[in-house]
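>>> below is the sequence, then the predicted model.
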Amino acid sequence: MDSAEGIRALKISLAGLLATATFQGVIAVAGGSAGLLADTIHNFADAFTAVPLWIAFALARRAANKRFTYGYGRAEDLAGLVVLLFVVLSAATAGIESYRKLTLADSPKLIGASIVAAVVGMVGNEAVARYKIRVGEKIGSAVLVAEGRHSRIDSLTSLAAGIGLVGVWLGFPLADPIAGLVITLAIAGILWEVGRDILGRLLDAIEPETVDEIARLASGVSGVQEVRGIRVRWLGHNITVELQICVDGRLPVTDAHTIAERVRGELLGHIPKINDVIVHVDPVETYAGEHHLKGDEHR
């Protein structure tokens, strides 16, 4: 269901961004504005990042199998790397074109139409940004949220392009290529914010508050005497949890299993986006003893 909602968000945002970028592109080419062209290039790049994300969300709907025992959720994180590549390429292209316009001192034409195109880009990107961020936060997709933030920066770059064109209209021709270079720097700045989240997911980063909440919930289950070895990872927009609990060693196996199932149910019911919980049960009497397996010895 979450993947289907993500795909729908990508379809809508792709259509919106392509329409916006196409309108800007026609005027940018006809008018020769470096700032507007840089913004258009970035908007097209942002639009086409929907394609790898679309594929990733489609793969995430496939069931796990003997080869991919965790399923295909990690495809979403790999798609995030493609998003980063698009950001790098758009920054390089926009920077080169803006520098060329700056050195040639080539003044743009169709100033009025170009300003309108910049405003359209600003409004269109902000609308798409709000939609992608809202859906991404709802389904727990870091990549979709990052894409939304990317689109929000795009609305600011459209604003920068518009300001540069206003500068040209007021008699300062270099304002346009300077705006293009400012946009290039803004695109480069996106790399830090987007890259941090995407690479963090690939390295199994998780919010410490989530780990603390898991420990609190598991410890509160009747019969649990200690909680250890909590491991949490994102697989796409879902969370998988592994943890160890200590119970009274005199309990029958069925009772210990019941406690573990209660822990599992508590976490599934209160931690958003968890799709699997693996609970390892240790008897208290042998937990601190020399015969108890600890750490990596359980693997």
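It's in.
>>> where do the helices sit along the stretch 101-250 of the chain?
In the stretch 101-250 of the chain, the helices defined using DSSP state H, counting those that start in this stretch lie at 111-139, 142-169, 175-202, 208-219.
>>> list the helices and strands the third one packs on?
In this structure, helix 175-202 makes packing contacts with helix 34-48, helix 74-104, helix 142-169, judged by 3 or more Cβ pairs under 8 Å, 6 or more residues apart in numbering; DSSP states H and E. Yep, even glycine has a C-beta here, placed from its N, CA and C like the rest.
>>> ok, and for that helix, which residues are buried?
Across helix 175-202, burial judged by 16 or more other Cβ atoms under 10 Å covers 175-184, 186-188, 190, 194-195, 197-198, 200-201.
>>> now stretch 137-155: buried residues?
138-155.
>>> what mean pLDDT would you report for that stretch?
Throughout stretch 137-155, pLDDT has a mean value of 74.
>>> what residue in the protein is the furthest from its centre?
R250 (47.0 Å; Cα atoms, centre = their mean).
>>> any weak-confidence spans in the stretch 51-200 of the chain?
Applying pLDDT under 70 to the stretch 51-200 of the chain flags the ranges 90, 94, 97-98, 101-102, 104-108, 142-143.
>>> 50 - rerun?
Within the stretch 51-200 of the chain, no range satisfies pLDDT under 50.
>>> which secondary structure elements does the helix or strand hosting E5 sit against?
If you go by DSSP states H and E, E5 is part of helix 2-31. Applying 3+ Cβ pairs under 8 Å, 6+ apart, we find helix 2-31 packed against helix 34-48, helix 50-60, helix 111-139, helix 142-169.
>>> quick one, which of these is nearest to L268?
helix 111-139 (16.8 Å; Cβ to Cβ).
>>> re the thing from before, which phi and psi does the residue farthest from the centre of the chain have?
phi -90, psi -10 (degrees, to the nearest 10).
>>> P283 versus that one, what's the distance?
Look at R250 and P283: by Cβ to Cβ, to the nearest Å, they are 8 Å apart.
>>> got it, and V277?
Separation of V277 from P283 (Cβ to Cβ): 20 Å.
>>> now R149
Taking Cβ to Cβ as the measure, R149 falls 48 Å from P283.
>>> for V182, give me its contacts.
V182 makes contacts with 160, 164, as judged by Cβ atoms under 8 Å, 6 or more residues apart in numbering.
>>> R62 now?
Contacts of R62 by Cβ under 8 Å, 6+ apart are 71-72.
>>> and with 10 Å instead?
Contacts here follow Cβ atoms under 10 Å, 6 or more residues apart in numbering; on that basis R62 touches 3, 68, 71-73, 75.
>>> same question, H42
Neighbours of H42 in contact, by Cβ under 10 Å, 6+ apart: 21, 86-87, 89-91, 93-94, 121, 125, 150, 153-154, 157-158, 161, 183-184, 186-187, 190.
>>> before we move on, what about A256?
223, 245, 247-249, 279, 281-283.
>>> cutoff 6 Å now
By Cβ atoms under 6 Å, 6 or more residues apart in numbering, the contact list for A256 reads 247, 281.
>>> check what pLDDT K294 gets.
Per-residue pLDDT puts K294 at 44.
>>> all numbers from here: first residue = 30
Sounds good: first residue 30 from here, last item K323.
>>> stretch 206-219: how far from the chain's middle?
Computed by Cα atoms, centre = their mean, to the nearest Å, the separation of stretch 206-219 from the middle of its chain amounts to 22 Å.
>>> part of a strand, is V310?
Yes: counting by DSSP: H, G, I helix; E, B strand; the rest coil, one finds V310 located in a strand.
>>> domain parsing of this structure, as residue ranges.
Following automatic domain parsing, the chain resolves into domains at 31-231, 237-327.
>>> just these: most buried one?
Counting by mean count of other Cβ atoms under 10 Å, domain 31-231 has the highest mean neighbour count of the domains of the chain, with a mean of 20.
>>> need the contact list for the closest residue to A215 other than its chain neighbours.
Spatially, and ignoring its direct neighbours in sequence, A215 is nearest to T186 (5.3 Å; Cβ to Cβ, 6 or more residues apart in numbering). T186 makes contact with 68, 212, 215 under the criterion Cβ under 6 Å, 6+ apart.
>>> can I get those in a markdown table with distance to A247?
Shown next, in a markdown table, are these (distance: Cβ to Cβ, whole Å):
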| residue | distance to A247 |
| --- | --- |
| D68 | 50 |
| I212 | 49 |
| A215 | 44 |
